[in-house]
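*Asks:* Okay, here's the prediction I keep looking at, along with the sequence it came from:
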Amino acid sequence: MRTYASTIVAAAGLSWVITPLVARLARRMRLVDRPDPRKVHSGDVPRVGGIAVIVSAVAAVLLGMTLTTVVGTALRAAQTGLLVILAFAGLAAIAGLVDDVRRLRARYKLLVQIAAACGVCAFGIRIETVAVKGVVTFDLGWLAWPLTIFWIVGITNAVNLIDGLDGLCAGICAAACAVIGIFAIHTNQAVMAILMSALLGSLLGFLYHNFNPAKIFMGDCGTYFLGFVLASVSVLCATKASTIVGLALPALALGIPIFDTLFSMLRRFLERRSIFAPDRGHIHHRLIDMGLRHRHVVLILYLVTVLAAGLGLFMMVTRDARQLVILAAVLVLLILVFGIAGSVSLRDTLAGIQRKIAMSRAAQEGRRGFEDAGLGLRRATTFDEWWKALCAAAEQMQLASLAITLNNPDGTPRALTWTHPALPQDGSATLKASIPVRDRLTGTRLEARLETPVNGSLELAGQTLAYFTRLLDEHSPAALPSPAAPAHGQSPPAAP
């Protein structure tokens, strides 16, 4: 225990000293985070503090290798495995650093994370079995690779997304390091315990400068490194202990960022936005919007994390199905916290799912109507046939009305109009548009006026108009074959 405590102190001291130097260098290189509507700070803050965390943790581990104790010998014997984890975590951190410095597209960062996770899997760090002793054991077989990659990449991004308030990410990750370290000591995994001690110490030293009001931010380089190491070490601990506790404990300690990520993805999916789109719907934003102060929000989330992790530790001293009962109870507690904060609502979620299904069906029907209408317009060879096909398309696509202004040979205007025979014309809300089309004979511009009912969804109404506009663009009168004799001035078509 003295070795672990010494590692924590050494890493904390190094981080406490290095962090201000990194902040000064970042300001000189203008690597600062500027305020915007999504952020809570009001001034420029250096954003590459993760470098100090990484350097301090790695230095503390290397220092441990110089020890002549049993722990030092174990570290030297396991240096290949340590090097694998730190090297691939460093690769993820480099992608984060590039994003901190020059901005990197989400897809490229994700590809780097997946490549790094594959590298870890290739060296044998995989979730091959999930076991609850005395109850059930699952041999994952070929699923070991995709499940491990999903776990590592998911945890890495969850840690990154929770880095929204001063000291929040560092504090939660420190709790996760402590929990995984305790589990490693409990299962006689001294090497992982030293790595977690080094990371815990470096985070504590960094927190001195990162707690509100923060003098430096961790940045993506730090969050990616932390998430990757925590995920990889939890996999390794779970593999050697052959129990679900090795994965459950870090999952509970990181329950806030994990659930925040899942609920953010669900929210963006239901809102039909990219899952990578930024917003202010994270749990810390919700709590601040409730009127809580910055520090109070961070301390509350610290408390929830410690409570979840502390209850999770009872899984180490229980057996059989009681482990699953504890896991389920803590998960329910975390969901309740998110419910109180307003991050998740069963009623809103169900309503969102129903709305998305309805919108998807309506969009598919609109697409089918557009494609069927195109077939009818392609068969038109005269203006009369074109107009009749256009009216049929308008009825099929549920337009309320359609009007086109023609120019007679003598230059006088003439309007062709159509109204839907089944839709009520009672002044209900409609969306209108005027679309220019070309006359096939004179080349002059005609004007098509469209009107479609809103029916509670401006988006679907706009989509209907967009499809119909595309029909007019692709099948305008100018595209009709030239008639044998002038017909459109002599025998104007009658509206159905």
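*Replies:* Structure's in. What do you need? Numbering: from 1, shown residues only.
*Asks:* all contacts plus neighbour counts: C-alpha atoms, from now on.
*Replies:* Fine.
*Asks:* So for the top helix by length along the chain, what gets flagged as buried?
*Replies:* Counting by DSSP state H, the longest helix found in the chain is helix 346-378. Of all the residues in helix 346-378, those buried under the rule 16 or more other C-alpha atoms under 10 Å are 352-353, 356, 363, 366-367, 369-370, 373-374, 376-377.
*Asks:* can you tell me which two in these are farthest apart?
*Replies:* Across the buried residues of helix 346-378, no pair lies farther apart than 352 and 377, at 37.0 Å, counting by C-alpha to C-alpha.
*Asks:* if we can go back for a sec, quick check, distance from the longest helix of the chain to the centre of its chain.
*Replies:* 25 Å (C-alpha atoms, centre = their mean, to the nearest Å).
*Asks:* Go through the helix or strand just after it and flag the buried ones.
*Replies:* Downstream of helix 346-378, the first helix or strand assigned by DSSP states H and E is helix 383-396. Residues of helix 383-396 classed as buried by neighbour count (16+ other C-alpha under 10 Å): 383-384, 386-396.
*Asks:* can you give me the strands in this protein?
*Replies:* For the chain, strands defined by DSSP state E occupy the ranges 32-33, 45-46, 129-132, 136-139, 401-407, 413-419, 430-438, 445-453.
*Asks:* which one of the ones you listed lies closest to residue 477?
*Replies:* strand 430-438 (6.4 Å).
*Asks:* just to revisit the earlier point, columns mean neighbour count, distance to residue 8 and mean pLDDT on top of the strands of the chain, output as JSON lines?
*Replies:* Converted to JSON lines, those look like this (neighbours: other C-alpha atoms under 10 Å; distance: least, C-alpha to C-alpha, whole Å; pLDDT from 0 to 100):
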{"stretch": "strand 32-33", "mean neighbour count": "20", "distance to residue 8": "29", "mean pLDDT": "83"}
{"stretch": "strand 45-46", "mean neighbour count": "22", "distance to residue 8": "25", "mean pLDDT": "89"}
{"stretch": "strand 129-132", "mean neighbour count": "18", "distance to residue 8": "31", "mean pLDDT": "78"}
{"stretch": "strand 136-139", "mean neighbour count": "12", "distance to residue 8": "36", "mean pLDDT": "78"}
{"stretch": "strand 401-407", "mean neighbour count": "19", "distance to residue 8": "74", "mean pLDDT": "82"}
{"stretch": "strand 413-419", "mean neighbour count": "15", "distance to residue 8": "78", "mean pLDDT": "83"}
{"stretch": "strand 430-438", "mean neighbour count": "16", "distance to residue 8": "65", "mean pLDDT": "82"}
{"stretch": "strand 445-453", "mean neighbour count": "20", "distance to residue 8": "67", "mean pLDDT": "83"}
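*Asks:* would CSV of those strands with distance to residue 238 be doable?
*Replies:* Shown next, in CSV, are the strands of the chain (distance: least, C-alpha to C-alpha, whole Å):
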stretch, distance to residue 238
strand 32-33, 37
strand 45-46, 36
strand 129-132, 8
strand 136-139, 13
strand 401-407, 66
strand 413-419, 68
strand 430-438, 59
strand 445-453, 58
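*Asks:* Skip the chain neighbours and tell me the closest residue to residue 222.
*Replies:* Nearest residue to residue 222 in three dimensions, chain neighbours excluded: residue 50, at 3.5 Å (C-alpha to C-alpha, 6 or more residues apart in numbering).
*Asks:* contacting residues for residue 241?
*Replies:* Under the criterion of C-alpha atoms under 8 Å, 6 or more residues apart in numbering, the neighbours of residue 241 are residue 187.
*Asks:* any weak-confidence spans in the protein?
*Replies:* 35-43, 134, 242, 407-411, 425-427, 439-444, 456, 478-496 (pLDDT under 70).
*Asks:* Break it down into its domains, please.
*Replies:* Using automatic domain parsing, the domain parsing of the chain gives 2-243, 353-479.
*Asks:* With distance to residue 305 added, can I get those domains in JSON lines?
*Replies:* As requested, these are exported to JSON lines (distance: least, C-alpha to C-alpha, whole Å):
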{"stretch": "domain 2-243", "distance to residue 305": "7"}
{"stretch": "domain 353-479", "distance to residue 305": "30"}
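*Asks:* Out of those, indicate the one that is most buried.
*Replies:* Neighbour counts (mean count of other C-alpha atoms under 10 Å) averaged over each of the domains of the chain peak at domain 2-243, with a mean of 21.
*Asks:* Endpoints of that one, how far apart?
*Replies:* Domain 2-243 has an end-to-end distance of 27 Å (criterion: C-alpha to C-alpha, to the nearest Å).
*Asks:* got it, and stretch 315-322?
*Replies:* Termini of stretch 315-322 sit 8 Å apart (C-alpha to C-alpha).
*Asks:* roughly how far apart are the closest residue to residue 434 other than its chain neighbours and residue 246?
*Replies:* Once flanking residues are discounted, residue 434 sits nearest to residue 449: 4.5 Å by C-alpha to C-alpha, 6+ apart. Distance, residue 449 to residue 246, using C-alpha to C-alpha: 65 Å.
*Asks:* Quick check: the residue nearest to residue 434 touching residue 400?
*Replies:* No: with contact defined as C-alpha atoms under 8 Å, residue 449 does not count as touching residue 400 (10.9 Å).
*Asks:* Show me the helices in the stretch 151-300 of the chain, by range?
*Replies:* For the stretch 151-300 of the chain, helices defined by DSSP state H, counting those that start in this stretch occupy the ranges 168-186, 190-210, 219-241, 245-253, 255-270, 283-289, 294-312.
*Asks:* between the longest one and helix 168-186, how many degrees?
*Replies:* So that's helix 219-241. Computed by axes from the mean of the first three to the mean of the last three C-alpha atoms, to 10 degrees, the angle separating helix 219-241 from helix 168-186 equals 20 degrees.
*Asks:* Distance from helix 219-241 to the middle of the chain?
*Replies:* 19 Å.
*Asks:* got it, and stretch 91-107?
*Replies:* 16 Å.
*Asks:* follow-up on the earlier one: now do the longest helix of the chain: which elements does it pack against?
*Replies:* helix 255-270, helix 383-396, helix 458-474 (3 or more C-alpha pairs under 8 Å, 6 or more residues apart in numbering; DSSP states H and E).
*Asks:* How far off centre is the shortest one?
*Replies:* For helix 383-396, the distance between its averaged C-alpha position and the chain's averaged C-alpha position is 44 Å (C-alpha atoms, centre = their mean).
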